[in-house]
Structure formats: C-alpha cells, structure tokens
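**Student:** Build me a model from this:
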Amino acid sequence: MQGIRLPSPPILWKRVPLAGKALLVTLLAGLAVWGADQRASYSLDSMVRHDQEVQLQVRLRTDRIRFDRRIRAFCQAATVFSERAALQSLVGGWQGRGPGLPGPVLYHGVSPPWLPPRAVLSALVGPVYALLLTPDGRAWEAYQGRAQDLPPALLHSPAGLLRSASREDGAIAVLDGTPFLVAARPVTDPSGRVRATLVVALPLGTVLNRVVQEDSPGRDLLAFLSADGTQVLASSQPTVLAPGTARSALRGRFLVAGAVPGAGASAEPAERLIRVARAGVPEALIGRILAQARDQRLLMALVFVLVFGLLLLWITHRIRALHLRIGEFSRRMGLRRSGEDGAGGDEFRLLEHGFQQLMEHVLDETSNLEYQAQHDALTRLPNRVLLYDRLEQAVLGSARDHRCFSLMMMDLDRFKEINDTLGHHIGDLMLKQVGERLLGVLRNTDTVARLGGDEFAVLLPAAGLEIAVVLARKIFESIERPFEVEGHGLSVGISIGIVHFPTHGADANTLLQRADVAMYQAKRLGSGYAIYDPGQDEHSVERIALMSDLRRAIEEQSLELYFQPEYDMNTGRVCRAEALLRWFHPKFGPIPPEEFIHIAEHTGLIRSLTVWVLNSALRQCARWVQGGVDMEVSVNLSVRDLQDPGLPGMVEELLHRWQVVPRRLMVEVTESAIMSDPSRVRENLQQLNGMGVRTCIDDFGTGYSSLAYLKQLPLQEIKIDRAFVMNMVRDDNDAVIVRAMIDLAHNLGLGVVAEGVETREVWELLEILGCDLAQGNYLGIPLPAKDFINWLRVARLNPLGSNLIRARARP
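**Tutor:** Now for the predicted structure:
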C-alpha cells in the first residue's frame, strides 16, 4: 500500500493565508513581550542601583577636579595677599619694634589694611582666618571672617605646621578638632628681606560645601576622610554626616563612591574625597513599582494582540482588493502576470509579482522619456538640458577637487544657405554627419551636444586650454573636409569659442555666455577658433553697470577702507596699518579690488579713486593721532598713479589738509609698476621722498625689476610677497629665499616687511631671520576703521597683540 506524501513545511507555510500568518506572528510577539517583561523585572533593581553608583563616580571625578582647583586658588590668593604693597609697607616698619609687644591686634568682621576688602576676600577665598607672624613666630595681627573665634592652635602655629603650609599647595591640618586648609607665605619689606609670615586658614567643610554648590546643591554630600581612610574628618553638611563618623558606618545608610580605608597619608588631598548619596529607593517600593509595570505591560500586550489582529484582518482584505485591481490593470496593458495559476497562499507574494511587472514597465517608459528629454531627436546627441546638467556637475566637482575643464561652443558657417537651397532633409542629414565627425575627433570622456539649429557644444573634462586648442584644430580640420549627402558635395566652415574653468567663470551660465562671446569673436575674425578674452566682453551688462556704479560710489562716498595691522617685530607693537579698499555693491555683493581697479584704470576713474583712498586714509590717520594713537598708514598706488605728474602735488595738498606729518604716510608700489615708466616713476618718488613720504616695494620677489635700478630709487622698505612667507616653515627653499631677501634689504639699508604671516611658527622663524615688520591674518585681519580702533585698544594692552598672546599661551 502506497503511503500518503505530505507537503514539505516550507510549502505548507507558503499556502497559509496572510491572516493566519499574521495571527500566529501576533501571538508570538505577545509571548516575547511577556518574556521580556519578566526578564526586565529581575534586572531593573540592579540596573537602578548600578546607575546610581556610576553617576556618583562621575560626579566624584568632577568634584576632585573642583576641589584641586579650590585648593590652588586658595594658595594663589595667599601668595597674592603676601605681595600686597600695604602688607610689605607694614612689615617694613617693624624694624624698630621690640620684643615686648602686647597681644595680637584682632580684626573681627573688618578687613585689616593689609588684606583686600571683606567682600573681595569672601568672594575669592571665603570666610577665612588670617594671621601675621613676626620672624620669631609671634602673632602680630589677626583677622577672623567667621563668627567662631580664632583657633588657639592656629594662633600659636607650630613650626611643623608652618613648614607644611609653606608648600605651594598648602596643607590640610586638624586644629582644635576641626580640619583646616592652611597656607603660609613669607612677607618681604620693600627692600626684599623676609620680615613676616602670612598664614591664611579656611575650614575644610567650607571648601567642600562650595564644591558641592557648583554641581548639585542639596542632592549629595562630599566628605573628606582621615589619612588612613577610616573616618570622616569634614563634610559639606555636618548636620547630616557629622565629622568623626566611621566610614564603615556609612554602609547601608548611604551610597558611597571614592577613597577606601587605608588610602595612606601620602595620598593627594583630592584622593581622600568621597561622594555620599542617601540610600536609594526601598526594596518594597521597587517591588510595587515593578508589579505595577508588569501588570501594565501585560494589559498592553493583550490590547496589542487584539488591535493588531483586527488591523491585519483589515489589511488582508485591502491587499486582496488591490491584488485584483493590479491584475485587471496588467491584463489591460497586455502584461503576462506570473502567479495566475491560482496557487493561492500568501497574498503578499502574489502582490509582489504584480508590482514587479508594473515597476519594470514603468521604469522602461520613464527611461525612454528621460532619454528623449535629454537628447536631440535628430543626431541622438545630448541636448542643451543634458549639457547644462553635466556642466553644473563639472563645475561642482572641479571646484571641490581643484581641477580644471574647458567648454567649446560651435556654430556652422554657410549652413543656412545649404538648408535654404537644398531643403531641410539635406540639412538634417548633414547635421547628423557633423555630429558623427565630432564624436570621431573627441575623446570618450568628452560630451558632444547639439544645442539647436547648427549650434553644437563640447564639454572637455580635466582639459586645460592647451588640450582644448589641439582638439579645436582637429575639429576645424574635420569639418572643413567636404560632406557627401545624397550625391551632393557640400562644404561648411565652423567657428569655435573656448572657455576655461575656473579662469573664465565659476558657474555654468557665465561659462556658456562667455563661450558664446568667444565663438562670435572667432566668427568675426574668421580664425576658426578663439579663446575668451575679457577685452572682448567690454560691453557686457555687468561690466557696464560696474563702470557706472563705481563712478557713483566714488562721488557718494559709498566705498570703504579696511585696515590691517603691521607689527614691529622688535617691540611687538602695532606701528602701522595698511589701507585696503573694499566695495560692497548693492546688487553684485563684494567686488574684488583687482576687478574694480582694472575698471577704474580703463575708464579714467583711477585718479578719483586714488584721491578718495588717500583722503580717507589720511583723515583716519589724523583721527588716530588726535586720539593719542601713534600710528602710521600705508596706501597702495597703481601704475597710472605713479605715471601721473600731479601725484606729488595731490599728496602734499592732502597732507596739509589733514595736518598729518609726512613720515606717517607710506606709499606701496609694485616692481612692475616701477618699471612701467622708470624716469617718470623715479621723479615722482623723489618728490614724495623730499616731502618726507616714505616708499615701500610691495610684493617684492615676484616682479622682474632691475636691482641696479631699484637702488637708485628713494626706497625705505621692501615687503616680501606672501607666496614666499606663508610656506617658509614647510618649504626650505622659501625660507632660503626669505633669508636672502632680508639680508639683501638690510645690506642696502632698507627695512623689511613680511606679508602673509598665518601661523606662530612663521612669526618665530621671521624673528630668528631678523625681519623688521610682520603682517598677516595671524596677527590681525583687515577691519573697518571703527572695528580696527576697538581691536587696537585691546591689542595695545599687550605688546605682542591679542592673537599672538593666545597662540603663545597654548601648551
């Protein structure tokens, strides 16, 4: 007889309806919740107690740090009190006093003249006792800041106590049954001789109470153990934990964290601290809490099983309805659905198959639509939308990775005549061949796009101008070859505009616009290709707006001068400020100085701009001098300024207007500006030097000037370019160059300014090399005049400047 073959367990599980699976899972979840609750009940009590002990240990570590800080602050205060001039003057008058002195003078509640006022004393160290001893150990004057009388043991301080208290961190001593923190410091007279000893004492309980008040007032206690760790010497709340209590008596009443018996007399004071908290929740109360929590969880589990079961029944019904609708929709679309064999079982499995087929169909359709939206229908090349997207990605990626790329815009020449004469069909076929030739010339990583009509564009990732020019020539030669289109031999030309990122623009729109400008320049010149030149874009909307707005900004005084300090490295003080021009355009935001100065030079506004800068800088310098600030100011002059024969007269008139001594003005000129017109520049600088105005060569080391010519000029200083200074600590070659420049300048009798001091190490190396002045963001950033003077007031309090002091204070 043949036996009955039963299905395997996995097949049986698949055939179980979703509702049955859900109910079974719900029951298992309820059992898991009940089991977890039982386990939690057993571990909750130990967890609570362990958590309390851990928190107590964490607070104790913080308390020990605060306790050490309090001891150090107390001892430092004692040192400061002993060095007060009033105290030194007082002990200086003891020289003629004999041994037959009466008892000590006692100050109670009123600070003696040799201590700070009582309010200050209380804020610094608390209600202390202070004692002034003669060299032979007799008490001369005493002060008690508490209601309790001065302890006799302190009044007759033994030599052993004085030796211990004279240590840097003082001593902890039990005086008349009360532990005190004691510090003793020698007091010298004005001549430097030790004339007395100042003893300051503070009850240890007061120190503990202040430490607790910083963290958790009223919650826990701090106690200080004896040297052997067996009993409490002092506590922050004596009414709760009385001094003298044995440490063993704390068990059961309190939770304790800290030192153990037998800590040893050599232990640090902070190691004898313990943190004490009242005992935790009683076990009976914990049991009631656990029982209530267990009942609540059990009720919640039952409610969860009931609600979740009903919810799953409803979800199952909705899933079956959705499954039927998906089947109907798939049949209408002609999709063959797997699972239609009526195997039954899990509704999710059937629903998954239906959704999978629908998703595949939707993804295929979406992919086709996306391709059509991003590609040209004729040539199958990327269109303007896809090019713009890749261009934006190239901008972001290249800016992040500090790479470059190039973009080419192209337009076919004579294509319109072919299209109009032979028809759009021939024109379309020719455009397809143009796209194929472009793909054949370029690299696999390049993007060729048709923008519309006879316009194409090429994005060249990781390509500099040299590669772009080589490819442009290949494209030009390829397109110049005749085309064969349905028996017609056709010839066209091409004009290519090239831009480079980041040289010609920092965003996609700017690069496209400037590539278009370069393309039309190539078309006008008939050169085949052209690289974007800002000179070609003289009449762009932004440039025209800046030209007009710059004139208005000068007339309306809407420009602003920033000042950056220059430090004298011999004195460590700020001796000069460089005036830096800033223009914050209401529409375009901050305009780089090189950009609007270039506009000023090409529009005839440079003289007006120079007059504005000199006038503003000298006016500010005059205000500083009137305010008692001994400060010089330096101003940069352009090529056009140095070639202006009226420059000396203009400077003289402004110096006279603001009553500024000529030596307070330093003009900075570049090597290239000097060599632009050597004779005129030398004449102007000699006239300025005759007035007393000094001259500095800016960006020294980056130009191509002749040293033979430079030594003929009336120069006082050179300013080493930041390119050599910034990396001189890491680059030995830069350090050698800077050393050579400093030695050369000093041998010629010139001062040296180092620009670009960004770190403490650079400052220190420049000090070693003998540099005279230093400037850089490490010492001070450029600031508006109002902020600069506020910064200067703070910096002048410290000869080395606030930034430098902070840096040197670091370990």
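**Student:** Isn't Trp763 up against Tyr778?
**Tutor:** Yes. Counting by Cβ atoms under 8 Å, Tyr778 is a contact partner of Trp763 at 6.8 Å. Any C-beta I mention is one placed from the backbone N, CA and C, and that applies to glycine too.
**Student:** Between those two, which has more neighbouring residues?
**Tutor:** Ranked by neighbour count (other Cβ atoms under 10 Å), Trp763 and Tyr778 place Trp763 first, with 23 against 19.
**Student:** So for that one, what's the nearest residue that isn't a sequence neighbour?
**Tutor:** Val757 (5.6 Å; Cβ to Cβ, 6 or more residues apart in numbering).
**Student:** give me the element that neighbour is part of.
**Tutor:** Assigned by DSSP states H and E, Val757 falls within no helix or strand.
**Student:** and it, what does it touch?
**Tutor:** If a contact means Cβ atoms under 8 Å, 6 or more residues apart in numbering, then Val757 has Val725, Trp763, Leu766, Ala774, Gln775, Gly776, Asn777, Tyr778, Leu779 as its contacts.
**Student:** try 10 Å this time
**Tutor:** Counting by Cβ atoms under 10 Å, 6 or more residues apart in numbering, Val757 touches 566-567, 569, 722, 725-726, 728, 763, 765-766, 771, 773-780, 804.
**Student:** Please pick the buried ones from the residues you listed.
**Tutor:** 566-567, 569, 722, 725-726, 728, 763, 765-766, 771, 773-776, 778-780, 804 (16 or more other Cβ atoms under 10 Å).
**Student:** count of neighbours near Lys786?
**Tutor:** 8.
**Student:** Could you measure from it over to Ile479?
**Tutor:** Taking Cβ to Cβ, to the nearest Å as the measure, Lys786 and Ile479 are separated by 62 Å.
**Student:** quick revisit: can you report phi and psi for the residue nearest to Trp763?
**Tutor:** Per-residue torsions, Val757: phi -80, psi 110 (degrees, to the nearest 10).
**Student:** In helices, which of the buried ones among the contacts of Val757 appear?
**Tutor:** Arg722, Val725, Trp763, Leu765, Leu766, Leu804 (DSSP state H).
**Student:** Including distance to Asn636 and pLDDT, could the residues you listed go into JSON lines?
**Tutor:** Listed next are these as JSON lines, based on distance: Cβ to Cβ, whole Å; pLDDT from 0 to 100:
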{"residue": "Arg722", "distance to Asn636": "14", "pLDDT": "90"}
{"residue": "Val725", "distance to Asn636": "18", "pLDDT": "94"}
{"residue": "Trp763", "distance to Asn636": "24", "pLDDT": "95"}
{"residue": "Leu765", "distance to Asn636": "26", "pLDDT": "95"}
{"residue": "Leu766", "distance to Asn636": "22", "pLDDT": "95"}
{"residue": "Leu804", "distance to Asn636": "25", "pLDDT": "46"}
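**Student:** Can you convert those residues into a markdown table and add a column each for distance to Val469?
**Tutor:** A markdown table is the format used below for these (distance: Cβ to Cβ, whole Å):
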| residue | distance to Val469 |
| --- | --- |
| Arg722 | 32 |
| Val725 | 36 |
| Trp763 | 45 |
| Leu765 | 43 |
| Leu766 | 43 |
| Leu804 | 49 |
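**Student:** Closest one of these to Val25?
**Tutor:** Checking these against Val25 by Cβ to Cβ gives Leu804 as the nearest, at 69.2 Å.
**Student:** CA atoms only: put the strand or helix carrying Ile737 into PDB for me.
**Tutor:** In the assignment (DSSP H and E), Ile737 maps to helix 732-747. The C-alpha trace of helix 732-747 is given here as PDB (Å, rounded to 0.1, in the frame of the first residue of the first chain):
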ATOM      1  CA  ASP A 732      63.200  75.100   2.900                       C
ATOM      2  CA  ASN A 733      63.600  76.800  -0.500                       C
ATOM      3  CA  ASP A 734      61.100  79.600   0.600                       C
ATOM      4  CA  ALA A 735      63.000  80.000   3.800                       C
ATOM      5  CA  VAL A 736      66.300  80.400   2.000                       C
ATOM      6  CA  ILE A 737      64.700  83.000  -0.400                       C
ATOM      7  CA  VAL A 738      63.200  85.000   2.500                       C
ATOM      8  CA  ARG A 739      66.600  84.900   4.400                       C
ATOM      9  CA  ALA A 740      68.300  86.200   1.200                       C
ATOM     10  CA  MET A 741      65.800  89.000   0.800                       C
ATOM     11  CA  ILE A 742      66.100  90.100   4.400                       C
ATOM     12  CA  ASP A 743      69.900  90.100   4.200                       C
ATOM     13  CA  LEU A 744      69.900  92.000   0.800                       C
ATOM     14  CA  ALA A 745      67.500  94.600   2.100                       C
ATOM     15  CA  HIS A 746      69.500  95.200   5.300                       C
ATOM     16  CA  ASN A 747      72.700  95.500   3.400                       C
END
